[in-house]
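Trainee: How does the following fold in three dimensions:
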Amino acid sequence: MFNFNLNDKNIKKIHFIGIGGVSMSGIAQLLAFHNFEVSGSDRDDSDTLDKLRSYGIKIYVGQKKENIDNPDLIIYTDAILPDNEELIAAQNTGAPCVTRGVFLGALMRNYKYSIGVSGSHGKSTTTSMIAKILVSSEVDPSILLGGKLDEIDGNVHCGVSDYLLTEACEFKANILNYYPSLAIILNIDEDHLDFYKDINHIVSTFIGYMKNLDENAKALINIDDENCLPLLDHIKGDALTFGIENDKAVYNVTNISFDEIGHPRFDIVSNRNNFGINHFELNIIGRYNIYNSAAAIIAAFESGIDLKTITENINSYQNLHRRMEVVGNYNDAIIMTDYGHHPVEIQATLSALGEHKKEKLICVFQPHTYSRTKHLLDDFANSFYDADEVIVTEIYAARENFDPTIHSIDLVEKLRKNGVNAIYLKTFEEAKEYIQKDVKSQDVVLTTGCGNPDVLARMIVE
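Mentor: The predicted structure is shown next:
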């Protein structure tokens, strides 16, 4: 097991390969805050790199072996391939060279109260909800987010207390490296099938994660999700369950209603630690956000935050950037962007928007990775029924090489067979021109995906 101590004076220089990623950049900033000499590289320049430079972090654009300058520790992202010359040079130094996931697990062990938020859907939203509560309380937490939250002016908050809040993603089984004092499991679904064999492989990985937790740890599990149920038999500490109208749950969500805009209202009931019955009113839409907010509320309560602070902050919470974010208007139509890139996420978002639309709901989907598009093609084809029109752009390859056996047109053809009005437009420029020509007052346009569909939303508005 790799160990890291924030107070270790033998480690002075830490180098990141792929520092521009949202998690990597957050960790780098946190380490700079703790007075380590931090450097890092990325393929392309970005606003994120500019921000890191402002914290005194030395940045290299382009990944070359010359970037390695006698570091004491090297951290690299999972997107870095084994033949990367900078990674090879790093490994040849003899200094510890670890993945982001391994390092994050070691970092967690520096904090008495470490909260890891896991799940196929809702991680960033739930983590940001908890973040808002914690920064408004008397604790001074360190926070690593997968998105940008206005309350902390970005994706990271550097605190001095014994609290660490972070997303705990299951990609490449990284959760097996994590040992939080409070592990949250929102849901388990088929995803990252470029790594996992099937849903059973994913569930068994989460079971391995539960086995990491000691007798003093807590696991907060959504027992409405059947894939989460096998985890309960492997928790040595407190098994805290939550669900909607579920009498078997330790924390039960009841009395759900919605206002005319679609904001959820609900109670949470529990006999644990004098929680009692408490009422909450969200300022964001979406039925799925009931689960996200319930997990955030319970996690904060179990972490010692008072209910008054929890209620005030959960009721006033606004979405992360790129989570049903309103970018602006064009021809009196609302232009929005979202991070949803899995069929379940897209279906939930379109359902929430479709429930309250006045005119057309137009969705522009940028598929993310060939493997996900290929493995979940039929599920994607059944996720867009709430949209009046669907535009599918070129697949965003991300970390993958070109795969000629799958194309965005394959999804468009399946959507059309399902009766969905769908077209393929390769580039953002084509999609922008099409939408600007077609969109009318009170229409809603949503660009979605975890590549860069927010760029298209801004192109339309600008």
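Trainee: Per-residue pLDDT of Glu359, please?
Mentor: Looking at Glu359, its pLDDT reads 89.
Trainee: so it sits in a helix?
Mentor: No. Glu359 is assigned coil when assessed by DSSP: H, G, I helix; E, B strand; the rest coil, not a helix.
Trainee: which one is it nearest to, not counting chain neighbours?
Mentor: Gln442 (4.3 Å; Cβ to Cβ, 6 or more residues apart in numbering). No exception for glycine: its C-beta is placed from N, CA and C like everyone else's.
Trainee: wait, is that neighbour part of a helix?
Mentor: No. Assignment of Gln442 by three-state DSSP gives coil, placing it outside any helix.
Trainee: Contacts only, for it.
Mentor: Asp332, Ala333, Ile334, Lys358, Glu359 (Cβ atoms under 8 Å, 6 or more residues apart in numbering).
Trainee: Selecting buried members of those in PyMOL, what would you type?
Mentor: Only the buried entries of the contacts of Gln442 go into this PyMOL selection, using 16 or more other Cβ atoms under 10 Å:
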select buried, resi 333+334
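Trainee: closest to Ala106 among the contacts of Gln442?
Mentor: Ile334 (44.1 Å; Cβ to Cβ).
Trainee: Helix, strand, or coil at that closest one?
Mentor: Going by three-state DSSP: Ile334 is strand.
Trainee: doesn't Val444 make contact with it?
Mentor: Yes. With contact defined as Cβ atoms under 8 Å, Ile334 reaches Val444; the gap is 4.9 Å.
Trainee: still on that earlier bit, of the contacts of Gln442, closest to Glu394?
Mentor: Comparing the contacts of Gln442 against Glu394 with Cβ to Cβ picks out Ala333 as the nearest, at 23.7 Å.
Trainee: For beta bridges, what are the partners of that closest one?
Mentor: Tyr330 (DSSP bridges).
Trainee: how far away is Asp191 from Ala300?
Mentor: 27 Å (Cβ to Cβ, to the nearest Å).
Trainee: Look at the residue nearest in space to the middle of the chain and report its pLDDT.
Mentor: Residue closest to the average C-alpha location in the chain (Cα atoms, centre = their mean): Ser124, at 3.6 Å. Ser124 is assigned a predicted lDDT (pLDDT) of 89.
Trainee: now the strands for the stretch 151-300 of the chain?
Mentor: 154-157, 163-167, 182-185, 218-222, 238-244, 251-258, 264-270, 276-281 (DSSP state E, counting those that start in this stretch).
Trainee: closest one to Asp8 among these?
Mentor: Per Cβ to Cβ, nearest to Asp8 of these: strand 163-167, 17.0 Å.
Trainee: Outside of that closest one itself, list whatever touches it.
Mentor: By Cβ under 8 Å, 6+ apart, strand 163-167 touches 23, 104, 107-108, 110-118, 123-124, 127, 130-131, 134, 139-146, 303.
Trainee: what's the answer for stretch 243-254, then?
Mentor: Contacts for stretch 243-254 (Cβ under 8 Å, 6+ apart): 222-224, 239-242, 256, 266-270, 272, 275, 290-291, 294, 298.
Trainee: So which bits of it are buried?
Mentor: Neighbour-count burial for stretch 243-254 [16+ other Cβ under 10 Å]: Gly243, Ile244, Asn246, Ala249, Val250, Tyr251, Asn252, Val253.
Trainee: Ok, stretch 224-244 next?
Mentor: Result for stretch 224-244 [16+ other Cβ under 10 Å]: buried residues 224-225, 227-228, 231, 234-235, 237-244.
Trainee: any idea which of these is closest to Ala398?
Mentor: Out of the buried residues of stretch 224-244, the member with the shortest distance to Ala398 (by Cβ to Cβ) is Asn227, at 25.0 Å.
Trainee: In this structure that closest one contacts Asn187, no?
Mentor: Yes. Look at Asn227 against Asn187 with Cβ under 8 Å: they come within range, at 7.3 Å.
Trainee: what comes into contact with the worst-scoring helix or strand of the chain on mean pLDDT?
Mentor: Considering only helices and strands, the least confidently modelled element of the chain by mean pLDDT, DSSP states H and E is helix 343-354, at a mean of 85. Residues outside helix 343-354 that contact it (Cβ under 8 Å, 6+ apart): 120-121, 189, 262, 285-288, 324, 336, 338-340, 361, 363, 365, 376, 379-380, 382-387, 444, 446, 448.
Trainee: Taking helix 343-354 as reference, get the angle to the helix or strand that it is followed by.
Mentor: Per DSSP states H and E, the first helix or strand lying C-terminal to helix 343-354 is strand 361-365. Inter-element angle recorded for strand 361-365 and helix 343-354: 160 degrees (by axes from the mean of the first three to the mean of the last three Cα atoms, to 10 degrees).
Trainee: For strand 361-365, enumerate the helices and strands it packs against.
Mentor: helix 343-354, strand 389-392, helix 428-438, strand 444-448, helix 453-461 (3 or more Cβ pairs under 8 Å, 6 or more residues apart in numbering; DSSP states H and E).
Trainee: what residues does that strand touch?
Mentor: By Cβ under 8 Å, 6+ apart, strand 361-365 touches 346, 350, 353-354, 380, 384, 386-393, 411, 431, 435, 438-439, 443-449, 453, 456.
Trainee: pLDDT on stretch 77-86, on average?
Mentor: 93.
Trainee: Sorry, wrong one. I was asking about stretch 306-320.
Mentor: Mean predicted lDDT for stretch 306-320 stands at 92.
Trainee: what does stretch 238-250 give?
Mentor: 97.
Trainee: In PDB, could you pull the C-alpha coordinates for that stretch?
Mentor: C-alpha atoms of stretch 238-250 as PDB (Å, rounded to 0.1, in the frame of the first residue of the first chain):
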ATOM      1  CA  ASP A 238     -22.300   1.400  10.600                       C
ATOM      2  CA  ALA A 239     -24.500   0.500   7.700                       C
ATOM      3  CA  LEU A 240     -26.600   3.600   7.200                       C
ATOM      4  CA  THR A 241     -29.400   3.100   4.600                       C
ATOM      5  CA  PHE A 242     -31.700   5.600   2.900                       C
ATOM      6  CA  GLY A 243     -34.500   5.400   0.500                       C
ATOM      7  CA  ILE A 244     -37.800   6.900  -0.600                       C
ATOM      8  CA  GLU A 245     -41.000   5.600   1.100                       C
ATOM      9  CA  ASN A 246     -38.800   2.600   2.300                       C
ATOM     10  CA  ASP A 247     -39.600   1.500   5.800                       C
ATOM     11  CA  LYS A 248     -36.500  -0.700   5.900                       C
ATOM     12  CA  ALA A 249     -34.200   2.400   5.500                       C
ATOM     13  CA  VAL A 250     -32.500   4.000   8.500                       C
END
